[in-house]
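Q: make a model of this:
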Amino acid sequence: MHTSNKPLSAATCLLTAALGYRTAAQLPPTPAEPSAGAKPQLYVAQRTQDLGTVIEGDKATITWRLENRGSADLVIDRTVASCGCTVVQLADAEKTVPPGGSLALKAEFDSTARRDSQNKSVTVFSNDPAEPQLRLDFKAKVEMLFDIQPVGMVNLRAIRRGQAAPRAVDVFPGPGRKELVVRSVELPEDAPLAHQVEPYEDQHGKGQRIRFTVLESAPLGQLNAVARVKLAVDGIDREREIPIRGEVIADLTWLPKVLDATRQPSLPGKRLAPITISSPEKLPFKIVEAGAGGLFEVAVAPSGGEPATEYSVTLTLREDAPPGPFGTTLRVSTSSLDQPLVEVPVFGIVAAPVEVEPPVVLLRDDGTPAGSSRRVRMKAGVPSTALDISSIRCDNPAVTVAVDETASRKYQHIRFLDVRLSGKADPGRHTATLRVTTGVRGAEQLEIPVIVESDKKPG
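A: Okay, the predicted model is just below:
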């Protein structure tokens, strides 16, 4: 290494000093490594706090003072609240507390839909070796401002156009409260509902009842809306969202609304779950015609005596239904003037009597075991069906096939075939057929295509 003793010029010295200063200013400070034996220590003087009485719907803030009484940085990894009603407020920049430092850990408790005594906790995960998980508790007594019935969703069930819903929403002041006023009930613009608020009194005391009526212009089918109720109790304002569900019907209703048979494949000839079409008001009607496309045979039978007010419609897969998924619509023509056509979506999967994987066997005469042998898996469409193979053969003498009895012994509906090139294959690409005779209905004779490839030259 060559070292020059030539003195630096004044300009060079100034440039070097300037660059060195700028580099030092841009680099972040390097935290000091803790000395041997230095450890953080998380200390909280008051681990349990009592918020006292909180009015339902209010949000209360809890603050714990976290101190680091150790000799190394305390690093808070995360905090976990015991309930979704509690949200911890801790920024990433606050998660490192130096020795002798402290921070105010804040959490917000939302008392909405809470009642009576509440006991919650927040767990602090840190690098304190003595107590890496420190639990902080708080309690509160939530005073009920008002009571609402039913709690949660309002189910209007099957309801006709122009009809007032049999179920209403009743709101009462909480214990010790006097005056409750429903200021407004807001519904989405597309909700086919009208509402009315009236005084109501029962064993709970004096309150307000909210009634809903389905508009004459309401479309038939499922009804989904959310009502926003604004009210005041003893001058304290509150809001509550109330989900509303139901079905707008005409003369008829039916169940299920969608016939979903996709959970398990169905063999040809299987009868799917029936669809019940009925008159909610027990008015007699007739089914004129019913069909669901070329995959199904449809049968209609009245339930009960005559004149019928309810029918059972059954769909049966045709014997020649091809394997694979399907989607169609059951269309039922009725004598109802208000509802002459009932449509029910139908989904499912037609199972093959026997599934073959892979559907085509490819053998390659390339001198490797991987190319000259294949494992074929045959599975009955219904697990309770025994897959018995009485004969199996291939029309190419170079191909042999046998049932793997050891692997097939584990299942009654699954068989494994070993297909191999046991002879010399002619050069080129050739097709063959593997013919399997089974005892499964609809799959008595299976033909599995075989492709044999060989690039070897004759002689």
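Q: now for L66, how many residues are close by?
A: 22 (other Cβ atoms under 10 Å). (C-beta placed from N, C-alpha, C; glycine too.)
Q: cool, and the one 10 residues further on?
A: A count of neighbours around I76, defined by other Cβ under 10 Å, yields 22.
Q: am I right that P99 is in a strand?
A: No: assigned with DSSP: H, G, I helix; E, B strand; the rest coil, P99 falls outside any strand and is coil.
Q: hmm, it is touching G70, no?
A: Yes: under the criterion of Cβ atoms under 8 Å, P99 makes contact with G70 at 6.0 Å.
Q: among those two, which residue is more densely surrounded?
A: Set P99 next to G70 and count neighbours by other Cβ under 10 Å: G70 wins out with 22 against 16.
Q: so which strand or helix has the more buried one?
A: Using DSSP states H and E, G70 sits within no helix or strand.
Q: neighbours of the closest residue to it other than its chain neighbours, how many?
A: Excluding the flanking residues, the one nearest G70 by Cβ to Cβ, 6 or more residues apart in numbering is Q41, at 3.5 Å. By the measure other Cβ under 10 Å, the count of residues near Q41 is 17.
Q: just S82 next, same as before
A: Other residues close to S82 by other Cβ under 10 Å number 13.
Q: separation between it and E189?
A: 40 Å (Cβ to Cβ, to the nearest Å).
Q: surely K141 meets T53?
A: Yes: between K141 and T53 there is a contact under Cβ under 8 Å: 5.0 Å.
Q: pretty sure N119 sits against K139.
A: Yes: if you go by Cβ under 8 Å, N119 and K139 touch, sitting 4.9 Å apart.
Q: these two - which one has more neighbours?
A: Using other Cβ under 10 Å as the criterion, N119 and K139 rank with K139 on top: 14 against 11.
Q: paired strands for the strand or helix carrying that one, with orientation please.
A: Following DSSP H and E, one finds K139 within strand 133-143. Sheet pairing of strand 133-143 (DSSP bridges) gives strand 48-55 (parallel), strand 116-126 (antiparallel).
Q: quick one: closest of the ones you listed to V214.
A: Closest approach to V214 among these is made by strand 48-55 (35.6 Å; Cβ to Cβ).
Q: from the chain's centroid, how far away is that closest one?
A: 36 Å (Cα atoms, centre = their mean, to the nearest Å).
Q: name the residues of it that come out as buried.
A: L51, V54, I55 (16 or more other Cβ atoms under 10 Å).
Q: again, but for stretch 135-152
A: L136, D137, F138, A140, V142, E143, M144, L145, F146, D147, I148.
Q: ok, the residue most central in space within the chain to G348 distance?
A: With distances taken as Cα atoms, centre = their mean, R263 lies nearest the centre of the chain, 15.6 Å away. R263 sits 9 Å away from G348, going by Cβ to Cβ.
Q: then K286?
A: For K286 relative to G348 (Cβ to Cβ), the value is 28 Å.
Q: these two: which has the busier surroundings?
A: For K286 versus G348, neighbours defined as other Cβ under 10 Å are more numerous around G348 (23 against 13).
Q: looks like the more buried one contacts P325 (just checking).
A: Yes: because the distance of 7.3 Å satisfies Cβ under 8 Å, G348 is recorded as touching P325.
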